[in-house]
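A.B. asks: Sequence plus predicted model, see below.
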Amino acid sequence: MGSGWWSMGPRVAEFEAAFAETLAVRNALAVANGTAALHLALLALECGPGDEVILPSLTFVAAANTVRRVGATPVFCDIVGDGDLNLDPEDVDRAVSSATRAIVVLHYGGFACDMEAVLKIARANDLRVIEDSAHAPRSRWNDRWCGTIGDIGCFSFFSNKNLAVGEGGMLTTDEDHLADRLRLLRSHGMTTLTWDRHRGHASTYDVVVPGLNYRLDEIRAAMGLVQLRFLEEENAARARLARHYAEALDGVDGYELAFADRLGDPSSAHHLAVALVRDESSRDRIRASLAERRIQTSVHYPPIHMFSAYRDADSSRPLPRTEDAAARILTLPLYAAMTDDQLGLVVDALLAR
């Protein structure tokens, strides 16, 4: 690096400032990855033993893992349905108990969930809201950016994300006291960092909370700064491709597209393009057929409550829409550099099933 600095230093600070400006939020804090962001958010909001945290089961397992790691209990809620794979606010409301401390929402595929309904539940029950915005950099709910609506937003810069640096993440909040606590927790609970001392801002430090090392390095911050400049362009390219999927598969027997009425809408980051097929056996056949043509597909996600480690977690709560949709979900190829010809090959393979 030109600064001679490898760990968290001037490039990280620049990346944080640029990200905060992009989302019009007071504080942005770069971290090692999206899982670290979720873990720190839960710690900062003092979720711990005896607490319950409500979250969708149709999300990546990191959300539940971090809830367990702070000693809290994950309580899984259902999704709206095939057309909207986000959590169902009505089921969130039913899941609230006297032990509930926080709600973790996922903006699935880059499509904002109903934050108005979630915030209404949170305010009525004195709950905190964490936005898992890993899919949603520059997605909007009405006139607000995802990750800036709840108490803390969590972003991921993993290699398959819209803004990718390999590994990395970001926390966002408008609450300065939360930002201060997150900074402490991110770096061993130290009151000053090596970069601060290098600049002469301090000569020593105290440790005031038992923190962690979840810092981002300068190299990935430099990559993030470059990627951030192209985020709008990348999101727009994804939106255009998602709209083409919608046009090509509209009315085709055996396929239903999630968020069909919002595909191509600039309010979404369009991280995923997801179709739902008739049943699990149909999905397996289609995936195998596409794989033969060297077309990669995926499933986002196997429900967390069905994993071995979570089968004992609040098993009394039925999640019928989650289980039905998860058996039929087929994630189609979607990335900003994808060409129309490549998308055409995917569509042809789907139609030839």
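C.D. replies: Received the coordinates, thanks. Remember, predicted model here, so these are calculated numbers, not experimental data.
A.B. asks: Tell me which helix or strand residue 76 sits in.
C.D. replies: Element membership of residue 76, judged by DSSP states H and E, is strand 73-77.
A.B. asks: helices or strands next to that strand in the packing?
C.D. replies: Judged by 3 or more CB pairs under 8 Å, 6 or more residues apart in numbering; DSSP states H and E, strand 73-77 is in contact with strand 52-56, helix 62-69, helix 89-95. Backbone N, C-alpha and C define where each C-beta goes, glycine included.
A.B. asks: Let's see that with 10 Å instead.
C.D. replies: strand 52-56, helix 62-69, helix 89-95, strand 100-106 (3 or more CB pairs under 10 Å, 6 or more residues apart in numbering; DSSP states H and E).
A.B. asks: so what strands line up beside that strand?
C.D. replies: strand 52-56 (parallel) (DSSP bridges).
A.B. asks: And the strands in the stretch 251-353 of the chain?
C.D. replies: For the stretch 251-353 of the chain, the strands defined by DSSP state E, counting those that start in this stretch cover 256-257, 273-276, 329-332.
A.B. asks: distance between the second one and the chain's centre?
C.D. replies: Between the mean C-alpha location of strand 273-276 and the chain-wide mean there is a distance of 17 Å, by CA atoms, centre = their mean, to the nearest Å.
A.B. asks: just stretch 41-53 next, same as before
C.D. replies: Worked out by CA atoms, centre = their mean, stretch 41-53 lies 19 Å from the chain centre.
A.B. asks: go on, stretch 246-254?
C.D. replies: The chain centroid and the centroid of stretch 246-254 are separated by 28 Å, computed with CA atoms, centre = their mean.
A.B. asks: what does stretch 341-353 give?
C.D. replies: Its chain's C-alpha centre and that of stretch 341-353 lie 28 Å apart, by CA atoms, centre = their mean.
A.B. asks: If you average the pLDDT over the strand holding residue 76, what comes out?
C.D. replies: When pLDDT is averaged over strand 73-77, the result is 96.
A.B. asks: after that strand comes which helix or strand?
C.D. replies: Strand 73-77 is succeeded, C-terminally, by strand 79-81 (DSSP H and E).
A.B. asks: Stretch 52-70 spans what distance, first to last residue?
C.D. replies: When the termini of stretch 52-70 are compared using CA to CA, to the nearest Å, they are 11 Å apart.
A.B. asks: Buried ones in it, by neighbour count?
C.D. replies: 52-67, 70 (16 or more other CB atoms under 10 Å).
A.B. asks: low-scoring stretches of the stretch 201-350 of the chain, by residue?
C.D. replies: Along the stretch 201-350 of the chain, segments meeting pLDDT under 70 span 201-203, 313-316.
A.B. asks: try it again with 80
C.D. replies: 201-204, 312-316 (pLDDT under 80).
A.B. asks: in it, which spans are helices?
C.D. replies: 218-229, 231-249, 280-292, 320-326, 340-351 (DSSP state H, counting those that start in this stretch).
A.B. asks: just checking, what packs against the last one?
C.D. replies: In terms of contact count using 3+ CB pairs under 10 Å, 6+ apart, helix 340-351 is assigned the packing partners helix 231-249, strand 273-276, helix 280-292, strand 329-332.
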